[in-house]
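Engineer: Give me the fold of what follows.
(chains A, B, C and D)
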2 protein chains.
Amino acid sequence: MDSLTSGQLRTACSTCTLNELCWQHGLTPIDLEQLHGLVRHAENLPIGSHLFQVGDKFTAVYAVRTGCVKSYTTDASGEEQVHGFHMTGDLLGFDAIYPEQHRCNAAIVQTCSVCVLPYQELMNLAVRLPSLQTSLMHLMSREFSINLLFPDGAPAEQRMSAFLLDLSRRQERQGRPPYELDLAMSRQEIASYLGFTVETASRLLTKMQKEGLIKVKRRLIYLMDMEALTQIARHASSNGPTKH
Amino acid sequence: MDSLTSGQLRTACSTCTLNELCWQHGLTPIDLEQLHGLVRHAENLPIGSHLFQVGDKFTAVYAVRTGCVKSYTTDASGEEQVHGFHMTGDLLGFDAIYPEQHRCNAAIVQTCSVCVLPYQELMNLAVRLPSLQTSLMHLMSREFSINLLFPDGAPAEQRMSAFLLDLSRRQERQGRPPYELDLAMSRQEIASYLGFTVETASRLLTKMQKEGLIKVKRRLIYLMDMEALTQIARHASSNGPTKH
DNA sequence: CGTTAGTTTGACGGCACTCAAAAGTTGTGG
DNA sequence: CCACAACTTTTGAGTGCCGTCAAACTAACG
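Structural biologist: Numbers count the residues shown, from 1 in each chain, chains lettered A, B, ... in the order given. The predicted structure is shown next:
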């Protein structure tokens, strides 16, 4: 199950955003063979299982192919704090390179298959392939930009809108309709990620439904007015009809 | 002013946390020579000037030697949002590697001197020096861990405590007393960074002074009870003496 | 000494948290 | 297929923290 032929892997990887790493760098067929030779695949990882946990030795980075992974920590009072959701094409684990120990947990939120890239082997290969090295830097760099999305003190509705639109964009990148979201994560996890409570998350969604912005059906969410959602996500003030 | 002799540079770099990059990798003297050959220095950068701004082409990463730099963006309503403060030994600019364009501004908050590391030259050198490549990955990785410090929905006093202790730790790393802070940034900038308003920041500091946690003298802040501060910074609940 | 920017303090209101309970959903065994 | 338990989600009532608006106060600088 772990080793596939090069041909199979090519097919497997073609749907993956990671393919920047695999294909877009003028690597020779022999180089590609080597790169794919070190990638391991893990499939049908069950909900609740972990890719890694706090304190685990760092050995590999992970690329999500299908499903959804959350990275989180637990604070002193035992509360879970979600730091990010990682879906198709996203990478995980870069934060642990330096101390060679993971500093957060990565748990499956929706049944997953991932590519496992053993870090040391990857680096060994990168030494011989400058274009691979460049690619790795690009992919790491991309992970930095994510945190610019959610201003800290922003009102809840703004953050929720930004969140929904972010999911929408990610879906669209994979050729799926941008206005129809099937949330992989619970309200609790959304709330934790956005920095408020479950109740607030729930109230917010029903409120936004009443306003005609979205339609909520359990974990299905339809974005009815992406224009307005974008306005709310951007605009710090003037977010609602102010009584003058 | 830009080019110094190798001997001068060694002296200059010896106080810099970046010296992991420069010295701790068994590079041969010749390698070191080459590495230092591409580093440029900029000194006495005045307050308010920029290392780079949104949209600037990405050409280099920066290492702060002295002073303080803030990275920030401005949102749709023109409000400034501070994303981080970078002081001695910190690196800046990694977020821009991929799109090759800076996505935030970097402004001097306190008179600065920095090392400028031209990215392309650095990568070219890294191709020949595997240990330098490793080092670069380490340094980038370190930048990721920073965001784990400030949980989003945490109460203001908790975040402020965490902030002060973070500054304290950084000072200590450089052999300066950990309990005596000379803030480089304004209240406004602190507030923006922590996600609340100037007024709240100000009120908070005076409140914490009354509680005996700190002593405030303008931009001088003495940490009087680091034990208690640590408690507050960690603990989500039970932060104050609860009436039972 | 006057002007200006930064900081502090006060009063008031609203958004989001807490506590609490109902309603809906999923899984398990009878 | 139903009943029951465990969990998730929703809704409600009350409170408190923090934001907004406004003004006084304090350096710093020309």
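Engineer: quick one: contacts for residue A:93?
Structural biologist: A:51-52, A:58, A:60-62, A:102, A:106, A:119 (C-beta atoms under 8 Å, 6 or more residues apart in numbering or on different chains). (Glycine included, C-beta is placed from N, CA and C.)
Engineer: could you dump those residues to CSV with neighbour count and pLDDT?
Structural biologist: CSV is the format used below for the contacts of residue A:93 (neighbours: other C-beta atoms under 10 Å in any protein chain shown; pLDDT from 0 to 100):
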residue, neighbour count, pLDDT
A:51, 23, 96
A:52, 21, 96
A:58, 20, 96
A:60, 21, 95
A:61, 21, 93
A:62, 22, 93
A:102, 22, 94
A:106, 25, 96
A:119, 18, 93
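Engineer: And for stretch A:137-145, what's in contact with it?
Structural biologist: Applying C-beta under 8 Å, 6+ apart, the contact partners of stretch A:137-145 are A:18, A:20-21, A:91, A:94, B:94-98, B:103, B:123, B:136-137, B:140-141, B:143-144.
Engineer: Which parts of chain A are strands?
Structural biologist: Taking DSSP state E, the strands of chain A run over residues A:40-45, A:50-52, A:60-74, A:80-86, A:91-92, A:105-118, A:180-182, A:214-217, A:220-223.
Engineer: The fourth one pairs with which strands?
Structural biologist: In other words, strand A:80-86. Paired with strand A:80-86 in the same sheet, following DSSP bridges, are strand A:60-74 (antiparallel).
Engineer: ok, is the partner strand in contact with DNA strand D or not?
Structural biologist: No - using C-beta under 7 Å from any atom of the strand, strand A:60-74 never reaches DNA strand D; the gap is at least 13.0 Å.
Engineer: right, and residue A:56 touches residue A:101 too?
Structural biologist: Yes - with contacts counted by C-beta atoms under 8 Å, residue A:56 reaches residue A:101, the gap being 7.0 Å.
Engineer: Select, from the contacts of residue A:93, the two members most distant in space.
Structural biologist: Greatest spatial distance in those: A:106 and A:119, 14.8 Å, computed using C-beta to C-beta.
Engineer: out of residue A:56 and residue A:101, which sits in the busier spot?
Structural biologist: More crowded of residue A:56 and residue A:101, by other C-beta atoms under 10 Å in any protein chain shown: residue A:56, with 17 against 12.
Engineer: domain assignment for chain A?
Structural biologist: Domains of chain A are assigned by automatic domain parsing as A:6-147, A:156-234.
Engineer: For those, could you give me TSV that also reports distance to DNA strand C?
Structural biologist: TSV is the format used below for the domains of chain A (distance: least, C-beta to the nearest atom of the strand, whole Å):
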stretch	distance to DNA strand C
domain A:6-147	9
domain A:156-234	3
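Engineer: which stretch in those domains has the least confidence?
Structural biologist: Lowest mean pLDDT of the domains of chain A: domain A:6-147, a mean of 84.
Engineer: Compute the distance between the residue sitting nearest the centre point of chain A and DNA strand D, please.
Structural biologist: Residue closest to the average C-alpha location in chain A (C-alpha atoms, centre = their mean): residue A:86, at 2.0 Å. Residue A:86 is 19 Å from DNA strand D, where distance means C-beta to the nearest atom of the strand, to the nearest Å.
Engineer: what about that residue, distance to residue B:43?
Structural biologist: 42 Å (C-beta to C-beta, to the nearest Å).
Engineer: For chain A, which segments count as helices?
Structural biologist: Ranges of helices within chain A are A:6-13, A:19-23, A:29-38, A:119-128, A:130-145, A:156-172, A:187-194, A:198-210, A:226-234, based on DSSP state H.
Engineer: Tell me who's in contact with residue A:126.
Structural biologist: Contact analysis of residue A:126 by C-beta under 8 Å, 6+ apart lists A:132-133, A:136, B:133.
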